[in-house]
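J.: pasting the sequence and the predicted model now:
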Amino acid sequence: MRAAAVLVALALLVTGCTGTAESEGDGSSPSSTSAASPPGSASPSPVSPGAATPSPSPTSKPPHPVSLPALFDKRYDGRRLRLGDVVVRTDAYTQRDVTFRSDGLTISGQMLLPHGRGPFPVLVLAHGYIDPAIYVTGQGLRREQDWLARDGFAVLHVDYRNHAASDRDPRADRRLRLGYTVDVVNAVKAVRRSGLRRLDAERVGLLGRSMGGGVVYNVLTVAPGLVDAAVVFAPVSSLAGDSFNRWIRDDPGRAGLSQQIIRAHGAPEDNPRFWRAASPRTYFGRITEPLLIHHGTADESCPIRWSRASLRALERAGVDARMYTYPGEPHAFVDAWPTSMRRTVRFFDRHLRDD
């Protein structure tokens, strides 16, 4: 049965930036190192692990609205998780369209529910970049959805605002897509408030890939304690300026958007304070959950040096973080993908299912 699932999964390879990890038993091994400080002065200052976020004094300047600190004390309205039409029934699970409320918007997605009474621990998935003009609901992590549901997890794949049947937010790109972070936080909130008996709302994890890995980094920093554990595949850099430079500033097709962002916020080299406040690395000390990173050494989309730098920063901040690197694996894992998924399931078993 597992061999068949793997063959089906490999046929569902999708595009998007992914990370690498060191393997064990197949030439790879887990790695961790001491972290380096983010470039420039750390303003605002990171918070030590487990520490409460200080409330601003009456005279303090409020955070920039396009920043992670602006999300620290935000009131999240995730609710009304609704199961819609059945998309497909397999031998192991039923896949259905879903919607939930986020930031005053309706967000679409898909949920895979294993057969049986449950309750099943829940994994909320954040997909990598796919042009919203061609994106269809549930796209981006199809093979991961199938594998995880077959292993007994309820899987909620979030479409994000501006994707598929979700409501539109015309400011999303100019605001560095931080609204995607809000949507994933609210997806977890909606799961916890749903009252659906087959969902174990007390056991929730996150999984993100490529851009979605950056979304997971953001969620862990803005909402410590929200979930129990997280996994990222081939994530983008934990410095927002790196992603801006690579996929927006250097893309001739996005020159207009690049100019809008630079006019509004300045370039990373000209306004480092703004870009630090938009970077999860600045606030890694807020993370309280264990984190697993997978990244391939042949990743030409999200270079492995980004994950190595993030791991150093996470370790320095005292986060329980581990990374596996996969020699020769590209952005979308191929040969080592089953190994990475087995490790992912073991990680979530340890943090979501072991009592």
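T.: Alright, I've got the coordinates. Numbering: from 1, shown residues only.
J.: right, and the helix or strand after the helix or strand in which F274 is found?
T.: Using DSSP states H and E, the element containing F274 is helix 272-277. Counting by DSSP H and E, the next helix or strand C-terminal to helix 272-277 is strand 291-296.
J.: identify the residues contacting that next one?
T.: 18-21, 213, 220, 229-235, 302, 304, 307, 310-311, 314, 319-331, 333, 336, 340, 343-344, 347 (Cβ atoms under 8 Å, 6 or more residues apart in numbering). For glycine as for every other residue, the C-beta is placed from the backbone atoms N, C-alpha and C.
J.: give me the mean pLDDT for it.
T.: On average, the pLDDT along strand 291-296 is 98.
J.: show me which residues of the helix or strand just after it are buried.
T.: Going down the chain from strand 291-296, the next helix or strand is helix 304-316, by DSSP H and E. Neighbour-count burial for helix 304-316 flags I304, W306, S307, R308, A309, S310, L311, R312, A313, L314, E315, R316 (criterion: 16 or more other Cβ atoms under 10 Å).
J.: make TSV from these and add distance to F100 to it.
T.: Shown next, in TSV, are the buried residues of helix 304-316 (distance: Cβ to Cβ, whole Å):
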residue	distance to F100
I304	34
W306	31
S307	30
R308	35
A309	34
S310	29
L311	32
R312	36
A313	32
L314	29
E315	34
R316	36
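J.: closest to W247 among these?
T.: Of all these, W247 sits closest to W306, with 12.6 Å by Cβ to Cβ.
J.: quick one: residues contacting the closest one.
T.: Per Cβ under 8 Å, 6+ apart, neighbours of W306: G19, P235, V236, S237, S238, D242.
J.: rank the residues you listed by pLDDT and give me only the lowest.
T.: G19 (34).
J.: tell me how far the helix or strand encompassing H157 lies from the chain's centre.
T.: Secondary-structure element containing H157, defined by DSSP H and E: strand 154-158. Distance, stretch centre to chain centre, for strand 154-158: 12 Å (Cα atoms, centre = their mean, to the nearest Å).
J.: how many residues are close by P303?
T.: 20 (other Cβ atoms under 10 Å).
J.: just G256 next, same as before
T.: When neighbours are defined as other Cβ under 10 Å, G256 has 8 of them.
J.: returning to what we had before: show me what the strand holding H157 is in contact with.
T.: For strand 154-158, contacts defined as Cβ under 8 Å, 6+ apart pick out 98, 107, 109-114, 118, 120-127, 138, 140-141, 145, 148-149, 183-184, 187, 191, 198-200.
J.: just the ones of those residues in strands?
T.: 98, 107, 109-114, 120-126, 199-200 (DSSP state E).
J.: so what's the gap between the helix holding F274 and the chain middle?
T.: With Cα atoms, centre = their mean, you get 21 Å for helix 272-277.
J.: that helix: which residues count as buried?
T.: Buried residues in helix 272-277 (16+ other Cβ under 10 Å): P272, F274, W275, R276, A277.
J.: try stretch 68-86
T.: L68, P69, A70, L71, F72, Y76, D77, G78, L81.
J.: and the first one, how far is that from V236?
T.: Right, L68. 15 Å (Cβ to Cβ, to the nearest Å).
J.: also the fifth one?
T.: The spacing between F72 and V236, counted by Cβ to Cβ, is 21 Å.
J.: which parts of the stretch 151-300 of the chain are helices?
T.: Using DSSP state H, counting those that start in this stretch, the helices of the stretch 151-300 of the chain run over 178-193, 211-222, 240-244, 255-265, 272-277.
J.: pick the most buried one from the ones you listed.
T.: helix 211-222 (a mean of 29; mean count of other Cβ atoms under 10 Å).
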